[in-house]
Every structure is written in structure tokens, then in C-alpha cells.
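Enquirer: Structure of the sequence below:
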Amino acid sequence: RQKAAEAEKQRLAEIERQKAAEAEKQRLAELERQKAEAEKQRLAELERQKAAEAERQRQAELERQRAAEAERARQAELERQRAEAERRERLAKLEEERARIREEAERQRAEAERRERLAKLEEERARIREVAARAAAARAAEEALKLKFQAYYDNAHRTISGFWIVPEWVRRRDVEVRVSLTVARDGRILATAIEKRSGFADLDESVIRAVEKARQAGLPPLPPEYTEDTLEFGLIFNPSTS
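Expert: Next comes the predicted model:
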């Protein structure tokens with residue numbers, strides 16, 4: 001029984017030793033893993049630092065290139081400005097010369113225009129004098145023709161009035177009858193119409209009868225200066241002035 005107990009004790013001790021060995025093995029494995037992870041992180045950090053340094057150098061190179069490009073652009077702009085200033089100066093001188101030429105040409109043109117205006121003004125004055133003379137002659141002829149027509153109207157009025165028998169009861173009334181006549185060149189009355197009635201039928205009829213008698217007798221021929229075939233005009237008959 002003691003042997004069995006001893007054997008059991010040894011078995012348990014072996015089990016305990018194996019557990020301890022396994023735990024130590026796991027501990028060592030964990031340490032190895034942690035060491036490998038730390039190395040991996042160290043290498044990754046080194047790689048990150050290398051990449052950061054490479055990026056810094058790249059950015060520095062880009063900045064240098066940009067600065068060089070900016071300097072070239074600045075120098076090019078200065079050159080462009082200098083060339084532009086020279087071009088503007090040449091253009092200004094050229095424009096001054098052109099302005100002088102234009103001014104001289106304008107002066108000569110203005111002088112030519114002044115002379116032309118004076119010539120035209122003199123022509124216009126002569127034309128105005130001629131037109132005024134013609135207008136005066138035309139007005140004189142028109143006035144003469146008006147007088148002739150007025151004389152014709154008066155003559156026609158007297159001719160018709162010679163046939164007008166005014167009713168006694170309206171002789172002193174200030175009323176009027178307006179008649180329109182269309183007369184041929186030879187004095188024939190072609191058409192008549194009452195344009196305005198007096199308001200008294202007897203008076204209107206007396207004027208119509210007088211016009212009809214004048215139509216039968218005929219009026220004097222139209223003035224020879226009148227070139228139309230017929231003449232239309234109006235006459236007023238007032239018993240208070242007949």
C-alpha cells in the first residue's frame with residue numbers, strides 16, 4: 001500500500017511537473033511572440049520614419065522646384081514688363097506723330113470745309129434771294145387771282161341776287177341761307193345744294209328759285225387763270241343785307 005501511495009505521489013508530481021513545463025513553454029512562447037511583435041513594430045516604425053523622411057525630401061524638392069519656377073516666372077514677368085514698357089513708349093511716340101498728322105489734316109479739312117461752307121452760303125443766299133423774288137411774284141399773282149375770284153364770287157352773288165325775291169316778312173331778320181354751287185368753265189351751273197337752311201321754309205325756297213333762274217340764265221365764265229374744268233364754291237344769302 002505504501003508502494004501504491006508512493007507511485008500515486010510520483011504520478012501526481014510528474015503531472016505537476018508537466019503542467020509547470022507546459023506553462024513555462026507557453027510563457028516562453030508568449031515572450032517570443034511579444035519580442036517578435038515588438039521587432040515588427042520597430043521595423044514598421046523605421047519604415048514609417050524612412051517614408052516620412054523620403055516624403056519630407058520630396059516635398060523639399062518640390063518646394064525648391066516651385067521656388068525656381070517662381071523665380072523664372074518673376075524674371076519672365078520683369079522681362080515682359082520691360083518689353084511692354086518699350087512697346088508702349090514706341091506706340092506713344094507713334095501716336096504722337098499720328099496725332100500731329102491728323103491735326104494737320106483736320107486743320108486742312110476744316111479750312112476746306114470753311115471755304116466750302118462760305119461758297120454754299122453764298123449760293124444759298126443767292127437761292128434765297130431768287131426764291132424770295134419768286135415767292136413775292138407768286139404772292140402777287142395769288143393776290144391778283146384771289147381778287148379775280150372774289151370779283152367772280154361777288155358777280156355770281158349779284159347775278160343770283162338779281163333773281164331773288166325776298167319774302168317781305170323776313171327782310172329785316174338776320175338769318176342766312178348758305179348755298180354751294182358747281183360751275184363749269186363756261187359759267188353753266190352744274191349742281192347746287194343747300195348747305196345751311198335758315199329755319200324758314202319760305203326763305204329757303206326763295207333762294208332755291210333764284211338759283212334755279214340763275215342756272216337757266218347762266219353765270220359769267222370762270223377766270224381764264226383758273227385751269228380746272230369746274231369750280232365749287234359757296235354763297236351766303238341774308239335778307240337783312242340784300
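
Enquirer: Give the other helices and strands that the host helix or strand of residue 149 contacts.
Expert: Assessed by DSSP states H and E, residue 149 sits inside helix 2-163. Contacts defined by 3 or more Cβ pairs under 8 Å, 6 or more residues apart in numbering; DSSP states H and E place helix 2-163 against helix 201-217, strand 230-237. (Glycine included, C-beta is placed from N, CA and C.)

Enquirer: out of these, which comes closest to residue 157?
Expert: Each of those has some distance to residue 157 by Cβ to Cβ; the shortest is strand 230-237, at 5.2 Å.

Enquirer: what is the mean pLDDT for that closest one?
Expert: Mean per-residue pLDDT for strand 230-237: 95.

Enquirer: still on that earlier bit, just how off-centre is the helix holding residue 149 within its chain?
Expert: 28 Å (Cα atoms, centre = their mean, to the nearest Å).

Enquirer: what angle separates that helix from helix 201-217?
Expert: 70 degrees (axes from the mean of the first three to the mean of the last three Cα atoms, to 10 degrees).

Enquirer: Now do helix 2-163 and strand 230-237, the angle between them.
Expert: Going by the same axes, to 10 degrees, helix 2-163 makes 70 degrees with strand 230-237.

Enquirer: and the next element down the chain from helix 2-163?
Expert: Following helix 2-163 in sequence, per DSSP H and E, is strand 177-184.

Enquirer: can you list contacts of that next one?
Expert: With Cβ atoms under 8 Å, 6 or more residues apart in numbering as the test, strand 177-184 has contacts from 156, 189-198, 203-204, 207, 211, 219, 222, 229-237.

Enquirer: Just the CA trace of the next helix or strand along the chain from it, in PDB.
Expert: Once strand 177-184 ends, the next helix or strand along the chain (criterion: DSSP H and E) is strand 189-196. C-alpha atoms of strand 189-196 as PDB (Å, rounded to 0.1, in the frame of the first residue of the first chain):
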ATOM      1  CA  ILE A 189     -74.300 125.900-113.100                       C
ATOM      2  CA  LEU A 190     -73.900 122.100-113.000                       C
ATOM      3  CA  ALA A 191     -75.000 121.400-109.400                       C
ATOM      4  CA  THR A 192     -76.500 123.200-106.400                       C
ATOM      5  CA  ALA A 193     -77.100 122.200-102.800                       C
ATOM      6  CA  ILE A 194     -78.400 123.900 -99.600                       C
ATOM      7  CA  GLU A 195     -75.500 123.700 -97.100                       C
ATOM      8  CA  LYS A 196     -77.300 125.600 -94.400                       C
END
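
Enquirer: Perfect, that will be all.
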